[in-house]
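Enquirer: model this:
(one chain, ligands or ions: 1)
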Amino acid sequence: MERSALIELLYSRGALTDGHYALEDGRHSSLLFRPARIIQYAPHNRRLCFQIVRHFLELDIHVVIAPTIGSIPVAVEVGRQLEARAVFLEEIDGAMQLSRGFQLHDGERAIVVMDLLKNDDELRPAVQQLRRADARLIGIGGIFDIRESDRAFNVKNVATIRMHDHCHLPADCPRCIAGTPLTSVDRDGSAGAGS
Ligand SMILES: [Zn+2]
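Expert: Numbering: from 1, shown residues only. As a prediction, the model looks like this:
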């Protein structure tokens, strides 16, 4: 799928919106990412996930890990396409952990996938669990990747769509300069009222 067709699909379902958003960290963004709005549709999720899967087809992946609840549909679909197990971390006693009998094994080859790669911190608990089990991290994948670097944990980092340069400090924000009204973004990624 061409990048332009992917972007059009993301806009059509509101997974990507253009505006002037006040982020929690104080910066302003000209784009808002809401991957749940597109990955809820299995046929769309299948096409988006294939853009991650194609990089790992020949790499004998045994297990795909979702480090957050929102990433579970991505891990399940990537796991299905790679014929690998899919497991997820959830918050237990304040820490993200594997439970429900999920286990990682010595020598297993794993990738960690997310709906939205914002920073490396959300990946760290999954990487720590892999290290503890002596399993091997082969790569990182995301539907959206808005990080500056694509070399986290010194492995292959791939994304369906990679975007940056859309965030600015208010003093340097082009949309502030243009006088575009500002919308606040809630923690769950919804923008303003009624979104
Ligand atoms: Zn602004």
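
Enquirer: Can you tell me the SS state at residue 138?
Expert: What DSSP: H, G, I helix; E, B strand; the rest coil gives for residue 138 is strand.

Enquirer: what number of residues lie near residue 95?
Expert: Around residue 95 there are 10 other residues, counting by other CB atoms under 10 Å. Where you see a C-beta, it was placed from the backbone N, CA and C, and this is true even at glycine.

Enquirer: next one: phi and psi at it?
Expert: phi -130, psi 150 (degrees, to the nearest 10).

Enquirer: Please name the nearest non-neighbouring residue to it.
Expert: Once flanking residues are discounted, residue 95 sits nearest to residue 125: 6.9 Å by CB to CB, 6 or more residues apart in numbering.

Enquirer: I figured the one you found was touching residue 67, is that so?
Expert: Yes - the pair residue 125 and residue 67 passes the contact test of CB atoms under 8 Å, sitting 6.2 Å apart.

Enquirer: which one of the two has more residues nearby?
Expert: Applying other CB under 10 Å to residue 125 and residue 67 shows that residue 67 carries more neighbours, namely 24 against 19.

Enquirer: Show the pLDDT at the residue nearest to the more buried one when sequence neighbours are not counted.
Expert: Leaving aside its chain neighbours, residue 67 sits nearest to residue 126 (4.1 Å; criterion: CB to CB, 6+ apart). Looking at residue 126, its pLDDT stands at 98.

Enquirer: Quick check: the gap between residue 22 and the ion.
Expert: Here the criterion is CB to the ion, to the nearest Å. By it, residue 22 lies 7 Å from the ion.

Enquirer: Would you mark the buried spots in stretch 67-83?
Expert: With burial defined by 16 or more other CB atoms under 10 Å, the residues of stretch 67-83 counted as buried are 67-68, 70-79, 81-82.

Enquirer: ok, the residues you listed vs the ion, which is closest?
Expert: Checking the buried residues of stretch 67-83 against the ion by CB to the ion gives residue 70 as the nearest, at 26.1 Å.

Enquirer: Next up, the contacts around that closest one.
Expert: Residue 70 is in contact with 35-36, 114-116, counting by CB atoms under 8 Å, 6 or more residues apart in numbering.

Enquirer: Surely it forms part of a strand?
Expert: No - in this structure, residue 70 is helix, not part of a strand, as judged by three-state DSSP.
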